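Chemist: Got a sequence here, can you build the structure:
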Amino acid sequence: MAVTVIFAVNPCIAFTAPASGSGLPALSLPNLQNKIVNIPDFYGKPLILAFFASWSKSCADEVLFLDGIYGKYKSKGIKIVGISFDKKTESLENFITKNNVSFDLLIDKKLKSINKYAILIIPTTMLINKEGKIENTFVDFDDNTKKSIIDFVESQGK
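Modeler: Model (predicted):
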């Protein structure tokens, strides 16, 4: 059973999600070592940007799937960046350690990316090409998402 989480940020303000073919708004967040990382620093290689929380079953399933993709395709230049909405860094660290997650993780305790990227449901995943343009965005995680991610990764390696 998939659990969908909807974030209520500010019901009076409507945010527009970045569209396919557009670039992402700049965003800087800390990693687990508390070093500030800028999302545009990852451009130039195909990028999968995954918004998640470790306590969500569908998010955890996606993170584990993405870690397998990363292990298989990182030598071909694919980058995966997870943006966690976990409020407790310790919970995230326990999840990462327990599951040996190896791709880059950023922490968004203040939920800055929700407004910038119009994230309403987690997991949300964005596929970004080498030019830093969004190719596709997926909400939730299912077999169609898996197939689309694999197709994207394989097409970007060419």
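
Chemist: Residue 106 contacts residue 83, correct?
Modeler: Yes. Residue 106 lies in contact with residue 83 (CB atoms under 8 Å); the separation is 5.0 Å. Where you see a C-beta, it was placed from the backbone N, CA and C, and this is true even at glycine.

Chemist: Show me the common contact partners of those two, please.
Modeler: Taking CB atoms under 8 Å, 6 or more residues apart in numbering as the contact definition, residue 106 and residue 83 share the neighbouring residues residue 29.

Chemist: Comparing those two, which shows the higher neighbour count?
Modeler: The residue with more neighbours, out of residue 106 and residue 83, is residue 83; 25 against 22, by other CB atoms under 10 Å.

Chemist: could you say which helix or strand contains that one?
Modeler: With elements delineated by DSSP states H and E, residue 83 resides in strand 79-84, which encompasses its position.

Chemist: Show me how far the next helix or strand after that strand is from its chain's centre.
Modeler: As assigned by DSSP H and E, the chain's next helix or strand after strand 79-84 is helix 89-99. On the basis of CA atoms, centre = their mean, to the nearest Å, helix 89-99 sits 16 Å off its chain's mean C-alpha point.

Chemist: Averaged pLDDT, the helix or strand just after helix 89-99. What do you get?
Modeler: Using DSSP H and E, the helix or strand that follows helix 89-99 towards the C-terminus is strand 104-107. Along strand 104-107, the predicted local confidence has a mean pLDDT of 96.

Chemist: Against which helices or strands is strand 104-107 packed?
Modeler: Judged by 3 or more CB pairs under 8 Å, 6 or more residues apart in numbering; DSSP states H and E, the packing partners of strand 104-107 are strand 28-30, strand 79-84, helix 89-99.

Chemist: Which residues does the shortest one contact?
Modeler: Pointing back at strand 28-30 there. For strand 28-30, contacts defined as CB under 8 Å, 6+ apart pick out 36, 37, 38, 39, 83, 106, 107, 108, 112, 113.

Chemist: Now with 7 Å, please.
Modeler: With CB atoms under 7 Å, 6 or more residues apart in numbering as the test, strand 28-30 has contacts from 36, 37, 38, 83, 106, 107, 108, 112.

Chemist: just the last one next, same as before
Modeler: Contacts with helix 89-99, where a contact means CB under 7 Å, 6+ apart, come from 32, 54, 55, 64, 84, 86, 105, 107.
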